[in-house]
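Undergrad: What shape does this take:
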Amino acid sequence: MAIGGHPAFIEMAGQRFGMFVVESRAENDRAGNARWNCRCDRCGQLHVLVGTQLRNRPRKSCPKEDKAADTKPADSNRTVRDFTFISDMRRDTT
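TA: Coordinates of the predicted model:
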């Protein structure tokens, strides 16, 4: 282990992890984790990703796709609302 409890530096530039190719080193995050500039095969943009996450838990989606999914309304809200409405109607008819 290196100073501060973090493992020794691992060079990752040029390596592929799933849909990402590591291009260069980025600034560490606040916790001191190494971050990397990675080019996405899907959108072609650079994303800054944590090295341990690249190595241990490869992403199955692009961060850009994740953000777009967060802005879409959830269908589950509509289902719950419809269920409540049907329950209210049954109470009114009995």
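
Undergrad: In stretch 22-42, which residues are buried?
TA: 22, 26, 34-40 (16 or more other C-beta atoms under 10 Å). No exception for glycine: its C-beta is placed from N, CA and C like everyone else's.

Undergrad: so where is this protein shaky, pLDDT-wise?
TA: Residue ranges of the chain with pLDDT under 70: 1-7, 67-94.

Undergrad: Isn't residue 43 up against residue 62?
TA: Yes - the pair formed by residue 43 and residue 62 meets the contact definition of C-beta atoms under 8 Å, at 5.3 Å.

Undergrad: about what we covered before: need the buried residues of stretch 22-42 in a markdown table (columns: secondary structure and distance to residue 47).
TA: Shown next, in a markdown table, are the buried residues of stretch 22-42 (DSSP: H, G, I helix; E, B strand; the rest coil; distance: C-beta to C-beta, whole Å):
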| residue | secondary structure | distance to residue 47 |
| --- | --- | --- |
| 22 | strand | 11 |
| 26 | strand | 10 |
| 34 | coil | 15 |
| 35 | strand | 10 |
| 36 | strand | 9 |
| 37 | strand | 8 |
| 38 | strand | 5 |
| 39 | strand | 8 |
| 40 | strand | 6 |
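
Undergrad: The residues you listed: which two are farthest apart?
TA: Farthest-apart pair in the buried residues of stretch 22-42 is 34 and 40; separation 18.8 Å (C-beta to C-beta).
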